[in-house]
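Trainee: no sequence for this one, just the structure:
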């Protein structure tokens with residue numbers, strides 16, 4: 001084993017131990033950290049009977065978070081999850097297929113209700129249904145979602161950038177936490 005010669009390194013150099021001491025806090029500036037959801041307008045989403053509020057949009061990684069509102073009794077169009085989607089239900093509910101699952105030979109209800117959580121994993125293709133009360137959910141996308149027409153043709157890829165532009169066209173991005181290559185610029189080209 002060879003000894004490390006650290007005499008050639010300046011005493012103030014950034015070494016691995018630097019981040020174990022406090023380098024100071026990021027300046028706050030004039031940016032608000034918190035917004036209530038009633039400060040943001042609803043934007044029509046990718047299928048009839050749905051609206052969203054864009055909370056977070058990472059144009060670098062492709063991740064985005066929306067508050068999604070679905071009218072009562074809506075059957076979602078067939079869609080493909082390119083990335084994982086985490087869902088936390090705030091109001092109402094939704095389900096897949098007939099809203100049941102068979103466990104140990106027993107058919108039991110399997111419906112998302114307020115304060116329940118699920119992950120729609122990457123690669124999943126399905127058509128969820130909202131309950132007769134509709135649904136409001138927090139939806140955290142790791143990547144895009146692909147929507148199909150009734151005859152099975154890919155109609156749209158709903159990525160972070162598309163969600164940003166749809167909300168921007170509705171003047172509903174003033175509270176969106178945006179991550180972009182240009183250090184927070186909202187002037188996307």
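Mentor: Happy to help now that I have it. What you see is a predicted model; the values in this text were computed from it and never measured.

Trainee: Now do the helices in the chain.
Mentor: With helices called from DSSP state H, the chain shows them at 160-169.

Trainee: Please go through it and pick out the longest strand.
Mentor: Secondary structure assigned by DSSP state E gives strand 85-103 as the longest strand of the chain.

Trainee: Which elements pack onto it?
Mentor: If you count contacts as 3 or more Cβ pairs under 8 Å, 6 or more residues apart in numbering; DSSP states H and E, strand 85-103 packs onto strand 64-70, strand 106-112, strand 117-120, strand 129-141. C-beta here means a position set from N, CA and C on the backbone, and glycine is covered the same way.

Trainee: between these, which gets nearest to residue 160?
Mentor: strand 64-70 (4.3 Å; Cβ to Cβ).

Trainee: residue contacts, residue 86?
Mentor: By Cβ atoms under 8 Å, 6 or more residues apart in numbering, the contact list for residue 86 reads 117, 118, 119, 139, 140, 142.

Trainee: For the helix or strand of the chain with the lowest mean pLDDT, what is the distance to the chain centroid?
Mentor: Lowest on mean pLDDT, DSSP states H and E among the helices and strands of the chain sits strand 177-179, with a mean of 90. Taking Cα atoms, centre = their mean, to the nearest Å, one finds the center of strand 177-179 at 12 Å from the center of the full chain.

Trainee: And the contacts of it?
Mentor: 55, 56, 57, 58, 59, 60, 61, 164, 184, 186.

Trainee: Enumerate the positions of it that are buried.
Mentor: residue 178 (16 or more other Cβ atoms under 10 Å).

Trainee: Partner strands of it and their direction?
Mentor: Partners of strand 177-179 in the sheet, by DSSP bridges, are strand 50-58 (parallel).

Trainee: quick check: angle from the partner strand to helix 160-169?
Mentor: Interaxial angle, strand 50-58 versus helix 160-169 (axes from the mean of the first three to the mean of the last three Cα atoms, to 10 degrees): 120 degrees.
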